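> build me a model:
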Amino acid sequence: MFYYLTIVLTIVSNVLYHIFLKMTPNTVNPIISLSVTYVTAAIATLLIYPFYPNQISLIDNFKSLNWASYALGFAVVGLEVGFLLAYRLGWQISLAGIVSNLSVTLLLIPIGILFFKESLSLVNIAGLVLSVIGLVLVNYKA
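Below is the predicted model:
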């Protein structure tokens, strides 16, 4: 049950993410807007922290962090600024996400295979081929 609920959470959050980015006023400095976003996110995560099961203390959790958490912060900033500016420059909300997500998927496939020992079935490959065809079609200007 929780297996599927986690994906539902990401889907709902991703939809809301794109809607809220698209609704951010063009007159607002994007860096100020994202700063407010990150402060809100920090407060929200600190508020839910006590409800998440812990085996170790807060201090030990911070001590256990590695470089990936900090690098993720930079990646998130790039993601947020990229989408916010893409929408400001006229990308449609119905296309920006699919173009980005499918492109990311295609880039992650060799990374997953080479570094994480993942594999693809023939059905997965067929789905990817259809997805690439779909990407070409959604970007086609008739």
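> now do the helices for this structure: every range, in order, please.
Ranges of helices within the chain are 2-23, 30-48, 58-64, 67-88, 93-116, 122-139, based on DSSP state H.
> for the protein, which residues score under the pLDDT cut-off?
Within the chain, the segments meeting pLDDT under 70 span 142.
> at 90 what do you get?
Within the chain, the stretches with pLDDT under 90 are 1-2, 50-58, 94, 98, 102, 131, 134-142.
> still on that earlier bit, can you put the helices of the chain in CSV and add mean neighbour count?
Any C-beta I mention is one placed from the backbone N, CA and C, and that applies to glycine too. Shown next, in CSV, are the helices of the chain (neighbours: other C-beta atoms under 10 Å):
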stretch, mean neighbour count
helix 2-23, 11
helix 30-48, 12
helix 58-64, 10
helix 67-88, 13
helix 93-116, 13
helix 122-139, 11
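> measure Ser94 to Tyr87 for me?
Using C-beta to C-beta, to the nearest Å, Ser94 is found at 11 Å from Tyr87.
> to clarify, my last question referred to Val76.
17 Å.
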